[in-house]
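Chemist: Generate a structure from the sequence data that follows.
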Amino acid sequence: MDLTLIIIVLAVITVVVFDFTNGFHDTANIIAPIIASRAMTPIQAVFLVAFFEFLGPIFGGTAVANTLGSFISLEDFSALSALTVLISGLIAAVSWNLITWKWGIPSSSSHALVGGLVGAVMISAGSDHVIWGFEQLLTGEFTGVTKVIIALIFSPLIGFWIGFFLQKVMMLLLRAAKPSINHSLKKGQIVTAAGLAFSHGTNDAQKSMGVLTLVLLLGGQIAEFAVPFWVVLLCATAITLGVILGGWRIVKTLGFSIYKIRPIHAFNTQVSAITVIFSASMLGAPVSTTHVVSSAIMGIGSAERYKAVKWQKAKEMLQTWVVTIPATAFIAMMTYSIVNFLR
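Modeler: Numbering: from 1, shown residues only. Have a look, this model is predicted:
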């Protein structure tokens, strides 16, 4: 078998593994609120989420995939060299997902992927092969790494304030409600959990779709950047299997360690996250479901009882968010150096 073809196969496998760990790692973001509020059992929640997670990438379009496939430029590399770069970046992202899962720390698979790819490209080709998008930003155009970073930074802030104001409104509307309202809120969470799973699949699986399509393009298997349908199905399947197996360590952090979640909080968290993530997907902006859900919980808790929010845990999560991109970039650089030496 031709060496380049072997490397293409290895790159495809690495993308699928990243996609799987993405679903495995991010399961908690979707199911933690509904489990913490006791609206569904863990098994019920997982299979509901898995079904709609699978539908997300199939019906959610490819706008995010196009963004992720266009912020690095490796066209002047040989197929073997370009694929080595991609594999190194993906290994860094997978490693970070597993490390943070092991410690039960909610972190962003999106940040990890961006950091890994940027780090691998910079050490192999230089910063001029990263589409930064700074100049285009001056003309009002959002593209490249700038578009990705803006989306990743502002989406948690938007999630926080949507959660904050939604909680205030719901507290006003339900101020005279009887405890039986919790039954209706729990039923409503079935719909919102399904919507959040669909949104997550739409945004997160597309990141793997974009990278996998880039693998095929750089490997000479397709003539232009257009996501094949089999890539959509493969990525949808991988992320769904990850969701089914689930990252239960992180459920505890998101569901119980930031704020004591009751049905109203879980419902509002999911509505807030759906609003941000689905809107971002339609704009082709990759966002972190982890960040959006976590910040929405903080916003909702702040609206009700600011002092009851466990800000120390939030501080720990923020530190992880800040360090993810540079850490994965460093891991990718080390990985590329080793792989390139062995090659």
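Chemist: now stretch 332-343, how far from the chain's geometric center?
Modeler: 26 Å (C-alpha atoms, centre = their mean, to the nearest Å).
Chemist: got the buried residues for that stretch?
Modeler: Ala332, Met333, Thr335, Tyr336 (16 or more other C-beta atoms under 10 Å). Any C-beta I mention is one placed from the backbone N, CA and C, and that applies to glycine too.
Chemist: Now it - C-alpha only, PDB.
Modeler: Presented in PDB, the C-alpha positions along stretch 332-343 are these (Å, rounded to 0.1, in the frame of the first residue of the first chain):
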ATOM      1  CA  ALA A 332       1.100  19.500  19.100                       C
ATOM      2  CA  MET A 333       4.600  21.000  18.600                       C
ATOM      3  CA  MET A 334       6.200  18.200  20.700                       C
ATOM      4  CA  THR A 335       4.100  15.600  18.900                       C
ATOM      5  CA  TYR A 336       5.000  17.000  15.400                       C
ATOM      6  CA  SER A 337       8.700  17.000  16.300                       C
ATOM      7  CA  ILE A 338       8.600  13.400  17.400                       C
ATOM      8  CA  VAL A 339       6.500  12.200  14.400                       C
ATOM      9  CA  ASN A 340       8.600  14.100  12.000                       C
ATOM     10  CA  PHE A 341      11.800  12.600  13.400                       C
ATOM     11  CA  LEU A 342      10.400   9.100  13.200                       C
ATOM     12  CA  ARG A 343       9.100   9.700   9.700                       C
END
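Chemist: In this structure, where is pLDDT below threshold?
Modeler: Residues of the chain that meet the criterion pLDDT under 70 lie in 1, 27-29, 106, 246-257, 313, 343.
Chemist: Rebuild the buried residues of stretch 332-343 as TSV, extending it with secondary structure.
Modeler: Output for the buried residues of stretch 332-343, formatted as TSV (DSSP: H, G, I helix; E, B strand; the rest coil):
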residue	secondary structure
Ala332	helix
Met333	helix
Thr335	helix
Tyr336	helix
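Chemist: what's the most distant pair in the residues you listed?
Modeler: Greatest spacing in the buried residues of stretch 332-343, by C-beta to C-beta: Met333 and Thr335 (7.3 Å).
Chemist: Residues that sit against both of those two, list them.
Modeler: Residues touching both Met333 and Thr335 by C-beta atoms under 8 Å, 6 or more residues apart in numbering: Ala120.
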